[in-house]
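S.K.: Show me how the following folds:
(2 chains)
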Number of protein chains: 2
Amino acid sequence: MASPVAENATHYSASRGIMQRLRSLPGKLLDTLAIFGKKLAKIAKDDPRRVTHSLKVGLALTVVSLFFFLRRLYDSFGDNAIWAVMTVVVVMEFSVGATLGKGLNRMLATLLGGFLGAAVQKLSTLSGEKEKPVLISLFLYIIGALITFMRFVPQVKARYDYGLTIFILTFSLVSVSGYRDDQILDLAFKRLSTIIIGSFIAIIICVFLFPVWSGDDLHNLLASNLEKLGNFLEGFGTDLQPKHSERSFAKEYESVLTSKTREETLANFARWEPCHGQIRFRHPWQRYLELGNLTRQCAYKAEALDVYLRSLILTSNQVGISIKDSCQSASLECGKALKVLSSSVKSMTCLTSTTAKARVAKAKRSIELIHSLLRSEPYWEGVELTEIVAAAAVTSLLSDVIICIESIIEAVDELSSLAHFKRTVHSPPVTATNSKLQPLAREGILKPVLESHELRYCAVTINDGYSSTLTKEIAKVLHP
Amino acid sequence: MASPVAENATHYSASRGIMQRLRSLPGKLLDTLAIFGKKLAKIAKDDPRRVTHSLKVGLALTVVSLFFFLRRLYDSFGDNAIWAVMTVVVVMEFSVGATLGKGLNRMLATLLGGFLGAAVQKLSTLSGEKEKPVLISLFLYIIGALITFMRFVPQVKARYDYGLTIFILTFSLVSVSGYRDDQILDLAFKRLSTIIIGSFIAIIICVFLFPVWSGDDLHNLLASNLEKLGNFLEGFGTDLQPKHSERSFAKEYESVLTSKTREETLANFARWEPCHGQIRFRHPWQRYLELGNLTRQCAYKAEALDVYLRSLILTSNQVGISIKDSCQSASLECGKALKVLSSSVKSMTCLTSTTAKARVAKAKRSIELIHSLLRSEPYWEGVELTEIVAAAAVTSLLSDVIICIESIIEAVDELSSLAHFKRTVHSPPVTATNSKLQPLAREGILKPVLESHELRYCAVTINDGYSSTLTKEIAKVLHP
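M.R.: Okay, here's the model as predicted:
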């Protein structure tokens, strides 16, 4: 058993511990606050529009509070002015599309719900004082259940979910309120007009003060998804050194895999948005979703490809290395094709799909090279097959990626004509009849060729897959 | 130019066309209604809980309307009773978790927002009549902007988004309302109590009348995702005949690829739900999300595998066929392992992971078989390699799938211990010391073995990969 002295000492040290902990409490609290502050700073830095949006909401609240402070406005609306405040708080959303959708839903639903509620009240009043509550309850039950069930229809939920809630709300309020006919009309008018005023304050501030367009967000999301995927494939084509095994480029595209829901939400909002910039009325948002799905299909293959990186690095035999090189060049071309498509979508310009097609054609040739290599039997004697299994898998996956990219090219082509992408001026092809020299937009190697000790022409190798056909043409231009 | 008669005839036929179209209008309207009705019927059939939920909302509305019809209740709350109706309409959601979350958010936010609003009013009143509106507007601006910005923090948004909106709403209403101190307290009490009553009506009806638990939905979603993936891999192992090229089993798992957002939403709701059935307090919902992510990783590989189905069917050479058979058996075992895991999660029972491990071990042996086949060089002379590239790719992808399944087994193991899955009674292993014969749970072949014209023992081949070790053991049991 412990002596009283020792017990006392324990007691003392325990209470001292508590005291210390209490004393360190403000410090800990400050630490927690600092961490939270850093988090907030990061959120603001990631998307500064969030700060703007918060300030816009503050402004909208201040504007709507004028209703209460300007006596003349308050007198005409009375307590109904609270509906304007409620509307501003509830309707104001981050993007124009979401705010417009909610505002229009709220106004229309209040009108219709109020109308139906008044009709039900009138009908029930005709039936007699005693039956009235029973009848109204019955109507409430039926309409409440029906409208709630309607909210499960996917197309309705996507666009009118909020409206249906407000419809039930207004219908219930008006039908149970028990006002007399003349009262009800006055009330309905005041409430509807305050809701309209509130919605308009929210919409106007949202549209005219640093607007955030869901359509633009969707547009940029698709372009950046294509770019991320392009970066991955490009990195796969060049970055196979073991020192890059941390593969910072590899994990960037993972968000592409799970962006489906976000794309759908943005498209739903975008449908409410009016024309702005290059976005016209009835912009083909459905096509954006299809393009997004194709991009994801491609990303699934990329995800499967990811695993083979390390196996491929370890390949040491001659055949494995030849396959690897062709795989890498195919991947590089695929990545470049995707990035061309991405910049075409991002800048909303046509044309570049021909460049993308050339890239894909080049990638296909690399894959064909591997197939012909595999077909040349004598090459294979003495090679252990386990070593090239990974390379073979990559070849197959890359073929799939190429098929995916071809359908993405088609989708972007269709999108660009439906969404009226800008047409850039085509630079006319370099031909013998075109005497003016075209600037070389592509990298290439110029090599002088001597024929019987005289400079006859320059062999031009352009890193483009077209070198052979172009060489003579350009040579003619240089020495007509 | 057309003659007047011909013109008249055209006119006549045009108006006749319009008449016909008008006459067919009711028919078309009926058709549209019929299509919409069928759609609704399908929605109801897909998940009958939707119908129950709609009826529950109707019931809640009817119950809350009693506030207006029972004169004594109405007198004590007055017009504030509309807040009870509003609360019921807005708070009542499909699942218990969503309703509880919204209800608690609304009650707490109303309390805190009202308190802060009253404090700001009091403070502004002290400053003088003229400065009061300016001060209140300033507070509105700052608090509105601050709270709106807080809604962007992901963790806050997941759980308290609705609460923050209601906080801004109540704060604005109370601070601008301009009531006197005694009025404000009375109003705040009445409004808060009607909101509490409304929330409780919604919560009670939601919890006690055919409750829909988000936790159960999440649980079942994960189990069904594992099963879908298992079905795909199993079907891939058995169903390779060209007549099955429509591959009904193949596309079933695609929903797995995009279920991430749904899983996260369900987990957020599930965190609000109290214990029920086997779900205890502080159920490890985070682990469910991790398991979901691993399942998706596996589904990405399956998506890549999908393409090789047709290539593999076309394989005709001897080596290709041997690889194909091993691939199929590996896939079959993987599929069975996933289905074992799925039924373990679904029924919340432990144990079965050992069976899953045995299945995975068997799949691994099939892959090893392929590797040793590829290593046996003499086999390979005269075989065209292009024909086995697809099979090689499948081998590699299946190895990845196996790695994925191993991590899924680990995740399920951890989940089962954290979530207190039921332990089933282990059947003791069949050994020589165990004299009582165990019923054979697995299929097998019993073959009598004669030694010098006398039945000595039975050779038992069990389709389990353990035949060789078990044969003698069981033989000893049969002839001790």
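S.K.: CA only for contacts and neighbour counts going forward, please
M.R.: OK.
S.K.: Can you read off the pLDDT for the residue most central in space within chain A?
M.R.: Nearest residue to the geometric centre of chain A (Cα atoms, centre = their mean): residue A:221, 3.4 Å. At residue A:221, the model reports a pLDDT of 93.
S.K.: Now do the one helix or strand residue A:360 maps to: which elements does it pack against?
M.R.: Assigned by DSSP states H and E, residue A:360 falls within helix A:353-375. Applying 3 or more Cα pairs under 8 Å, 6 or more residues apart in numbering or on different chains; DSSP states H and E, we find helix A:353-375 packed against helix A:318-347, helix A:386-418, helix B:386-418.
S.K.: contacting residues for the residue nearest to residue A:293 when sequence neighbours are not counted?
M.R.: Nearest residue to residue A:293, sequence neighbours excluded (Cα to Cα, 6 or more residues apart in numbering or on different chains): residue A:260, at 7.4 Å. Contacts for residue A:260 (Cα atoms under 8 Å, 6 or more residues apart in numbering or on different chains) come out as A:292, A:293, B:258.
S.K.: Kindly report the same for residue A:27.
M.R.: Residue A:27 neighbours (Cα under 8 Å, 6+ apart): none.
S.K.: Report the separation between it and residue A:20.
M.R.: Taking Cα to Cα, to the nearest Å as the criterion, residue A:27 is separated from residue A:20 by 11 Å.
S.K.: Could you do residue A:157 as well?
M.R.: 56 Å.
S.K.: Who has more neighbours out of the two?
M.R.: residue A:157 (14 against 11; other Cα atoms under 10 Å in any protein chain shown).
S.K.: name the helices or strands packed onto the host helix or strand of the more buried one?
M.R.: Using DSSP H and E, residue A:157 falls within helix A:154-177. With contacts taken as 3+ Cα pairs under 8 Å, 6+ apart, helix A:154-177 sits against helix A:96-127, helix A:131-150, helix B:49-69, helix B:81-91.
S.K.: Now it: average pLDDT?
M.R.: 90.
S.K.: Return it as PDB; C-alpha atoms alone will do.
M.R.: Extracted C-alpha coordinates of helix A:154-177, given in PDB (Å, rounded to 0.1, in the frame of the first residue of the first chain):
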ATOM      1  CA  PRO A 154     -35.100  11.600 -62.600                       C
ATOM      2  CA  GLN A 155     -35.800  14.300 -65.300                       C
ATOM      3  CA  VAL A 156     -38.100  16.200 -63.000                       C
ATOM      4  CA  LYS A 157     -35.700  15.900 -60.100                       C
ATOM      5  CA  ALA A 158     -32.900  17.300 -62.200                       C
ATOM      6  CA  ARG A 159     -34.700  20.600 -63.000                       C
ATOM      7  CA  TYR A 160     -37.700  21.100 -60.800                       C
ATOM      8  CA  ASP A 161     -36.900  19.400 -57.400                       C
ATOM      9  CA  TYR A 162     -36.800  22.700 -55.500                       C
ATOM     10  CA  GLY A 163     -39.900  24.000 -57.300                       C
ATOM     11  CA  LEU A 164     -41.900  20.900 -56.300                       C
ATOM     12  CA  THR A 165     -40.900  21.400 -52.600                       C
ATOM     13  CA  ILE A 166     -42.000  25.000 -52.700                       C
ATOM     14  CA  PHE A 167     -45.200  24.000 -54.500                       C
ATOM     15  CA  ILE A 168     -46.100  21.700 -51.600                       C
ATOM     16  CA  LEU A 169     -45.100  24.300 -49.100                       C
ATOM     17  CA  THR A 170     -47.200  27.200 -50.600                       C
ATOM     18  CA  PHE A 171     -50.100  24.900 -51.300                       C
ATOM     19  CA  SER A 172     -50.100  23.700 -47.600                       C
ATOM     20  CA  LEU A 173     -49.700  27.200 -46.200                       C
ATOM     21  CA  VAL A 174     -52.500  28.700 -48.300                       C
ATOM     22  CA  SER A 175     -55.000  25.800 -48.000                       C
ATOM     23  CA  VAL A 176     -54.700  25.500 -44.200                       C
ATOM     24  CA  SER A 177     -54.300  29.200 -43.400                       C
END
